[in-house]
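Colleague: What follows is a protein structure lacking sequence information:
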């Protein structure tokens with residue numbers, strides 16, 4: 001069994017992932033990773049331990065926080081999203097660029113969402129530094145958060161640092177959710193939590209009548225969270241539009257994030273094998289064409305419920321400015 005890494009080893013590079021934090025116990029779990037391990041892992045929450053055995057250690061948070069180098073970087077780029085909108089694909093594609101480390105859904109960020117803002121404030125600066133480590137001196141890290149971490153996006157993004165906010169129109173989002181069995185199950189499990197988050201931002205929706213209503217509430221919840229964190233350095237993108245010109249979008253995103261890449265390399269990545277695989281489990285085929293087919297089929301099957309859910313959102317937005325802003329953004333892109 002290996003010994004726990006000392007501070008100089010933790011801060012040397014991204015070898016030791018800050019995978020989880022426990023503010024109550026004052027502990028942080030570090031997991032040993034390689035560049036290939038980051039690339040291969042679909043998630044960096046506890047599901048990563050189901051895939052293979054991984055060396056990990058629990059360290060006292062106070063010791064880690066007090067060891068942050070004075071010149072520690074906090075320049076990771078961030079991807080926030082509303083779920084089921086291709087964020088894993090985009091994060092994987094960026095990870096194909098030279099020197100870019102793609103870190104997808106570390107549990108540590110999710111852990112913080114269960115605590116108050118004053119508690120989070122004691123952890124975020126150190127986590128920003130931990131997630132900005134790379135394997136190359138001139139490299140950069142991209143952090144793709146779990147969807148509900150968008151609730152604290154405004155706290156996580158350092159001042160003047162660029163971020164991507166990825167979404168879909170409510171119609172497309174609802175069709176996508178209703179097209180998948182697992183995503184439909186998730187609706188019920190998170191319904192109560194999402195209702196509380198919506199009310200906290202001034203959005204009051206009627207009791208759901210259908211799965212489409214639950215999906216509409218999910219869209220509204222995650223979108224108003226993103227709208228509340230909007231800023232000058234945020235690049236918003238509709239995933240369905242992204243798929244229509246993936247080359248062009250990657251070029252725009254690389255420019256926004258300050259990544260150096262030739263047009264030829266970006267085109268190679270945009271047209272490479274990752275775009276023809278389900279990005280959370282790359283052993284399965286999944287393409288933009290298949291996505292469009294599944295969305296169209298789900299909309300045909302649930303058209304009446306989707307139209308009713310859209311009307312519900314529109315009515316609720318009359319007294320909810322953030323929801324109105326989200327709907328107007330989606331309408332402008334449709």
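Modeller: That came through fine. Worth saying up front: this structure is predicted, and the values here are computed from it rather than measured. Numbering: from 1, shown residues only.
Colleague: drop to CA atoms for contacts and neighbour counts, all remaining ones
Modeller: Fine.
Colleague: Now for the spatially most central residue of the chain: which residues touch it?
Modeller: Nearest to the geometric centre of the chain sits residue 145, at 3.3 Å (CA atoms, centre = their mean). Remark: with contacts taken as CA atoms under 8 Å, 6 or more residues apart in numbering, residue 145 is in contact with 78-81, 104-106, 109.
Colleague: Likewise for residue 35?
Modeller: 15, 101, 135.
Colleague: Of these, which is the most crowded?
Modeller: Ranked by neighbour count (other CA atoms under 10 Å), the contacts of residue 35 have residue 101 at the top, with 29 neighbours.
Colleague: separation between that residue and residue 142?
Modeller: Distance of residue 101 to residue 142, computed by CA to CA, to the nearest Å: 6 Å.
Colleague: Can you tell me which of the contacts of residue 145 is nearest residue 208?
Modeller: residue 81 (23.1 Å; CA to CA).
Colleague: Flag every buried residue along the longest helix along the chain.
Modeller: Ranked by residue count and defined by DSSP state H, the top helix of the chain is helix 288-316. Buried residues in helix 288-316, counted by 16 or more other CA atoms under 10 Å: 294-299, 302-303, 305-306, 308-310, 312-313, 316.
Colleague: Ok, stretch 67-81 next?
Modeller: 68, 73-81.
Colleague: Just give me the closest of those residues to residue 215.
Modeller: Looking across these and measuring by CA to CA, the closest to residue 215 is residue 81, at 15.0 Å.
Colleague: so the closest one makes contact with residue 166?
Modeller: Yes. Contact criterion CA atoms under 8 Å: residue 81 and residue 166 qualify, at 4.6 Å.
Colleague: The protein: strands as residue ranges?
Modeller: 16-22, 27-32, 56-60, 77-81, 100-104, 140-144, 163-167, 234-238 (DSSP state E).
Colleague: follow-up on the earlier one: find residues that contact each of residue 101 and residue 142.
Modeller: With CA under 8 Å, 6+ apart as the test, residue 101 and residue 142 both reach residue 95.
Colleague: ok so, going back, give me the common contacts of residue 81 and residue 166.
Modeller: Contacts common to residue 81 and residue 166, judged by CA under 8 Å, 6+ apart, are residue 87.
Colleague: quick one, what contacts the residue nearest to residue 2 when sequence neighbours are not counted?
Modeller: Nearest residue to residue 2 in three dimensions, chain neighbours excluded: residue 55, at 7.7 Å (CA to CA, 6 or more residues apart in numbering). If you count contacts by CA under 8 Å, 6+ apart, residue 55 has them with 2, 31-32.
Colleague: quick check, nearest of those residues to residue 329?
Modeller: Closest to residue 329, out of all of those and judged by CA to CA, is residue 31, at 39.4 Å.
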